[in-house]
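# One predicted model, sequence on top.
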Amino acid sequence: MLVAAAVCPCPPLLVPEVAAGAAPELDAARAACADALGVLAAARPDRLVVVGPAGEDGRGPHPEGARGSFRGFGVDLDVRLGGNGNGNGNGDSGGSGAGADPARRALPSSLAVAAWLLGRTERSGVPVEGLGVGEPLDAGRCVRTGEGIAARPGRTALLVMGDGSACRTVKAPGYLDERAADFDAEAARALAAADVSALEALDAELAYELKASGRAPWQVLAGAARGAGLNGTLLYEDAPYGVGYLVAAWS
């Protein structure tokens, strides 16, 4: 049974060490993410499942303790999903090297950002697991995946990572697309209202064209939340750097 969900954006720039001098520009987004994670903690779940977009190498399950790194962004910072939280320095980033457990692949960047966020909060020992979902996953499979997560015994909370469109301005990663603002507005409305039908109806092809990485994870959330009777609150909505960032909490 799904008892709560938090929706957060997943740019590595959320991590201040990655953002460096631009870090204050996302302070409001970080604060909203912390508030959303507080809603998860207040629900007292038996498990937390973190869902985020992933490339081919990062798709599928990631167990508690799986490691990620921001070294690819020029920062000597490693993170762990659950367990002891964040670390830095010379720690093993996981998923490679002699003796590495093949089941513990390196976290995709979205789940690494989630691990960083979780490392800044008190989770009271709740077990954590990750799931990387690929952009090609169609809406029906996303929904069924969410339904499977919610059908497990006990109280489940979801941390759902993903961005809106990346085409809000001419300097955005995908340049300006006039359809982007409307797409993000509909996603924001659906997340604010905990409208699972509206999330399921998001156009996968349009999301792909707008580089909206949150589409598949949001539709996993829709499947998990169907029938749960949760209410939604939109905590943050903005498009810094021309990318739609949304933070919401469902409880």
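Perfect, thanks for sending it.

# Buried residues of stretch 154-171, list them for me.
156-169 (16 or more other C-beta atoms under 10 Å). Where C-beta positions appear, they are placed from N, C-alpha and C, glycine not excepted.

# mean confidence for it?
Model confidence over stretch 154-171, given as mean pLDDT, is 98.

# Extract the CA atoms of it and return them as PDB.
The C-alpha trace of stretch 154-171 is given here as PDB (Å, rounded to 0.1, in the frame of the first residue of the first chain):
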ATOM      1  CA  GLY A 154       3.300  -3.300   4.300                       C
ATOM      2  CA  ARG A 155       3.400   0.500   4.000                       C
ATOM      3  CA  THR A 156       5.400   1.900   1.100                       C
ATOM      4  CA  ALA A 157       6.600   5.400   0.300                       C
ATOM      5  CA  LEU A 158       7.900   6.600  -3.000                       C
ATOM      6  CA  LEU A 159      10.600   9.200  -3.700                       C
ATOM      7  CA  VAL A 160      10.100  10.000  -7.400                       C
ATOM      8  CA  MET A 161      12.900  11.800  -9.200                       C
ATOM      9  CA  GLY A 162      12.600  13.500 -12.600                       C
ATOM     10  CA  ASP A 163      12.600  16.800 -14.400                       C
ATOM     11  CA  GLY A 164      10.000  18.500 -16.600                       C
ATOM     12  CA  SER A 165      10.800  19.800 -20.100                       C
ATOM     13  CA  ALA A 166      14.200  21.000 -21.000                       C
ATOM     14  CA  CYS A 167      13.000  23.400 -23.600                       C
ATOM     15  CA  ARG A 168      11.700  26.400 -21.800                       C
ATOM     16  CA  THR A 169      14.200  29.000 -23.100                       C
ATOM     17  CA  VAL A 170      16.600  29.400 -26.000                       C
ATOM     18  CA  LYS A 171      19.500  28.600 -23.600                       C
END
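
# From the chain's centroid, how far away is it?
Relative to the chain's own centre, stretch 154-171 is displaced by 6 Å; criterion: C-alpha atoms, centre = their mean, to the nearest Å.

# before we move on, what about stretch 32-51?
Centre to centre, stretch against its chain (C-alpha atoms, centre = their mean), the figure for stretch 32-51 is 12 Å.

# Can you show me the CA trace of it as PDB?
Extracted in PDB, the C-alpha atoms of stretch 32-51 (Å, rounded to 0.1, in the frame of the first residue of the first chain):
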ATOM      1  CA  ALA A  32      11.200  22.200  -1.000                       C
ATOM      2  CA  CYS A  33      12.800  18.800  -1.500                       C
ATOM      3  CA  ALA A  34      13.600  18.700   2.200                       C
ATOM      4  CA  ASP A  35      10.000  19.500   3.000                       C
ATOM      5  CA  ALA A  36       8.700  16.800   0.700                       C
ATOM      6  CA  LEU A  37      11.000  14.200   2.300                       C
ATOM      7  CA  GLY A  38       9.600  15.300   5.700                       C
ATOM      8  CA  VAL A  39       6.200  14.200   4.500                       C
ATOM      9  CA  LEU A  40       7.600  10.700   3.700                       C
ATOM     10  CA  ALA A  41       9.100  10.400   7.100                       C
ATOM     11  CA  ALA A  42       5.900  11.500   8.800                       C
ATOM     12  CA  ALA A  43       4.000   8.700   7.000                       C
ATOM     13  CA  ARG A  44       6.200   6.100   8.900                       C
ATOM     14  CA  PRO A  45       6.600   3.700   5.900                       C
ATOM     15  CA  ASP A  46       8.000   0.200   6.200                       C
ATOM     16  CA  ARG A  47      10.000   0.800   3.000                       C
ATOM     17  CA  LEU A  48      11.100   3.600   0.700                       C
ATOM     18  CA  VAL A  49      11.400   3.000  -3.000                       C
ATOM     19  CA  VAL A  50      13.300   5.600  -5.000                       C
ATOM     20  CA  VAL A  51      12.300   5.800  -8.700                       C
END
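
# That concludes my questions; thank you for your assistance.
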